[in-house]
Structures are given as structure tokens and as C-alpha cells.
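Novice: Attaching a predicted model along with its sequence, questions to come.
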Amino acid sequence: MSTDSTSAAHTTAASHESFLERHYHLLRRLHSLSGVFPIGLFLIPHLTTNSSIVWGDFFNAKKYADYASTGPSGAGIATFQHEVDFIHNLPALIFIEIFVLWLPIAYHAILGVYFARSGKSNTQRYSYQGNWRYSAQRISGYIGVLFIFMHISSLRWGWTYGGIMPTFDPHAAASTTAIHMQGGIFPYFNALFYAVSVSALIFHFANGLWTAAITWGLTISRQAQERWGYVCAVIGISLWGAGLTAVAGFTNLDVKKAEQVEAQIQAASADAHSNVDGGTDAPRRVIFDPSIGQSGS
Ligand code: HEM
């Protein structure tokens, strides 16, 4: 074949390549980056905030002495409410959510499914091909896509999936998160779904951190990969501890008790407002209704 016809064949082959194939290396690196930042980094404060339902009770018992005196978990409920209020008072929250969370998560999920299905995981460079972690990374990714979509659509957009997933009210943060775990048409199903999915996602993140360092050429020698492996294991185990603490904390929370503490917090905040502006801006109050989440979609 002449040089001309060879280059013509290459040009034709290249023009038949899809957009994804032509930009494979760039998209692959962006995929790796988006898993670490912002998604992975978001997990650290997110699970720390959620587990405050348990640790808040120990570390903030003095700060929230008024609520702590109402019995166990009072300070945890107040701590979690305080954290949620902080997030909901961030300026331009919806833009942060769309551009820092939802779009990067959608990008990572869609390309992740494409790479997993096309076998283009670039793992030839990893010495663990064929090893159990290679398959576990894909399976945990699929569980993660399902979980994150249902989690965000339920807690942020108010979808209840026919009553399976009761939704979230930021003014009654702990009680509605507890109802989310415990209630719905299949009581405690969500607690189990969360325990399994959160474990899968944390494995996915910790193992992904390990492979990302190879993708970016940061850990080339076997020793470097081994050392980084220990760091990833420590990060994973710590996050797993925080995640399961959060799930267990909300699964065991007394919903009535949480509503009492939230009503107390709202009354205190209404008092503070009425002292400042004559009480025109009273916060919304949500009372526990066992049928919450039993209807709608
Ligand atoms: C450990 C159990 C978890 C609990 C109790 C929990 C709780 C919550 C709550 C209450 C919200 C609504 C926040 C708000 O509106 O203020 C939320 C949102 C969210 N969660 Fe989780 N979560 C958990 C695990 C996870 C995991 C493992 C991920 C994986 C990345 C995740 C990702 C998200 C995202 C992306 C949002 C949307 C945030 C936003 O748009 O503001 N969550 N979660």
C-alpha cells in the first residue's frame, strides 16, 4: 500500500471514530479528576456533617446544654440542624449545587458507565487487572449511580418513589432524615439501602484514589503504589466509620424527640427574630406525621 493510501485509510478510520474515542485520553483524565475533586472531597465534609447526629452529642453537649438536657441525642440533633442551616444559608447555593456537585456527578457517572461497558478502563497499566478490585470498582460504581440519583432526587428534589423514600425538610433536618431512614412504605428498607450503598461508594472512592494516582503518573513504582495504598485504606476506613455512624445514628434516632428539639430551636430562633424585627420572619415549623412520604412520586 502506498504512503498516500495508508494516510487516507488512517484519516477515514479517524473520521469514523466517535467524539469519545477521539478525545479518550482527555476525557479519561477529567473523569479521574472529577472523582477526586469535587465529588470525593465533598464526601469528607458531607459524612462529617451527617455523623454529627452522633458525635455532636458528645462534643457539643456543653454548647447545646439546653437541648442536651432534654435527654440523649439532644445536642446531636441541634448540631446537625446547625450544620444544615449553615449550608442552606450559603450564598448562591443552587449554583454551587449545579456546577460543583450535580454536573460533575453526572459527568463522572455517564463516562464511568461508558468506560465500564466498553472495557476502556485503561487498567492495562495497573498490575491488578483480573484482581477482585477491578470488578468491585465497576459493581460499586453501578450501585453508586443508582444510590446517588435516588438520594439527591429524594432529599433535594422531593421525589418519594411512590412512598419508598420520605423526603427531607431543612427546617426539621434530623427528624426528616430519621424518617427517611426508618419510614416509607417499607420501614427500614432505606437504612439497609444506605448501609450497603454508602459502603460501596466509599470503597469506590478509596480504590479510585489509588488508581487515580496511577492515571496521573504520581505512583509509578510498586513501592509507591503500595505506600499510597495504605493511605487510601486509612481514608476509606475513616470515611466508612463516619458513613455507618451517620446511617446508624439516624436509624436509631427517636423521631418525636428530634421534633421536640427542632421545635425548641425554632421557638428560640423566632424569639431572636421578634427581638430584632418584630417577629415578621418566623421560621416554618414541621410536625411529625407518620404518613409523610407515603404518597407522591
Ligand atoms: C451516610 C449517609 C448519608 C446521609 C445521612 C446523607 C444525607 C444527606 C442529606 C440530609 C442531604 C440533603 C442536604 C441538604 O439539603 O441540606 C444530602 C444531599 C446529598 N448527598 Fe448525602 N447523605 C449520605 C451519604 C451520601 C453519599 C455516600 C454521597 C455520595 C457522594 C452523598 C451525596 C449527596 C449529594 C451529592 C447531595 C446533594 C447535595 C446538594 O445538592 O446540596 N450522600 N445527603
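Specialist: Yep, that arrived.

Novice: Show me what from the stretch 101-250 of the chain comes close to the ligand.
Specialist: Within the stretch 101-250 of the chain, the positions near the ligand by C-beta under 6 Å from any ligand atom are 101, 148, 151-152, 155-156, 168, 170, 177, 194, 198, 201, 243, 246-247, 250. Any C-beta I mention is one placed from the backbone N, CA and C, and that applies to glycine too.

Novice: what sits against the spatially most central residue of the chain?
Specialist: Centroid-nearest residue in the chain, with C-alpha atoms, centre = their mean: L43, separated by 5.6 Å. L43 is in contact with L201, I202, F205, L239, counting by C-beta atoms under 8 Å, 6 or more residues apart in numbering.

Novice: wait, doesn't the third one sit right on G236?
Specialist: Yes. With contact taken as C-beta atoms under 8 Å, F205 and G236 are classed as touching, separated by 7.1 Å.

Novice: Neighbour count: these two, which is higher?
Specialist: Between F205 and G236, F205 has the larger neighbour count (other C-beta atoms under 10 Å), namely 25 against 19.

Novice: And that one, which helix or strand is it part of?
Specialist: Per DSSP states H and E: F205 is located in helix 189-215.

Novice: How far away from the center of its chain is that helix?
Specialist: Relative to the centre of its chain, helix 189-215 is centred 10 Å away, using C-alpha atoms, centre = their mean, to the nearest Å.

Novice: Could you do stretch 155-172 as well?
Specialist: Taking C-alpha atoms, centre = their mean, one finds the center of stretch 155-172 at 16 Å from the center of the full chain.

Novice: For C232, give its distance to the ligand.
Specialist: Relative to the ligand, C232 is positioned 17 Å away (C-beta to the nearest ligand atom, to the nearest Å).

Novice: contacting residues for that residue?
Specialist: So C232 contacts A206, N207, L209, W210 (C-beta under 8 Å, 6+ apart).

Novice: Need the three-state assignment for the residue nearest to the centre of the chain.
Specialist: helix (DSSP: H, G, I helix; E, B strand; the rest coil).

Novice: For burial, what's the neighbour tally of the residue nearest to R29 when sequence neighbours are not counted?
Specialist: Leaving aside its sequence neighbours, R29 sits nearest to T215 (C-beta to C-beta, 6 or more residues apart in numbering; 6.7 Å). Around T215 there are 19 other residues, counting by other C-beta under 10 Å.

Novice: With H88 instead?
Specialist: H88, neighbours per other C-beta under 10 Å, totals 11.

Novice: right, and T215 touches R28 too?
Specialist: Yes. In this structure T215 lies within contact range of R28 using C-beta under 8 Å: 7.2 Å.

Novice: quick one: the one helix or strand G249 maps to to helix 189-215, angle?
Specialist: G249 is part of helix 222-251 when elements are defined by DSSP H and E. Between the axes of helix 222-251 and helix 189-215, defined by axes from the mean of the first three to the mean of the last three C-alpha atoms, to 10 degrees, the angle is 160 degrees.

Novice: Remind me which helix or strand A178 belongs to.
Specialist: According to DSSP H and E, A178 maps onto helix 173-182.

Novice: Alpha carbons of that helix, as PDB, please.
Specialist: Extracted in PDB, the C-alpha atoms of helix 173-182 (Å, rounded to 0.1, in the frame of the first residue of the first chain):
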ATOM      1  CA  ALA A 173     -33.300  18.300  59.400                       C
ATOM      2  CA  ALA A 174     -32.700  15.500  61.900                       C
ATOM      3  CA  SER A 175     -36.300  14.300  62.200                       C
ATOM      4  CA  THR A 176     -36.900  14.200  58.500                       C
ATOM      5  CA  THR A 177     -33.600  12.400  57.800                       C
ATOM      6  CA  ALA A 178     -34.600   9.900  60.500                       C
ATOM      7  CA  ILE A 179     -38.000   9.400  58.900                       C
ATOM      8  CA  HIS A 180     -36.200   8.900  55.600                       C
ATOM      9  CA  MET A 181     -34.200   6.000  57.100                       C
ATOM     10  CA  GLN A 182     -36.900   4.500  59.200                       C
END
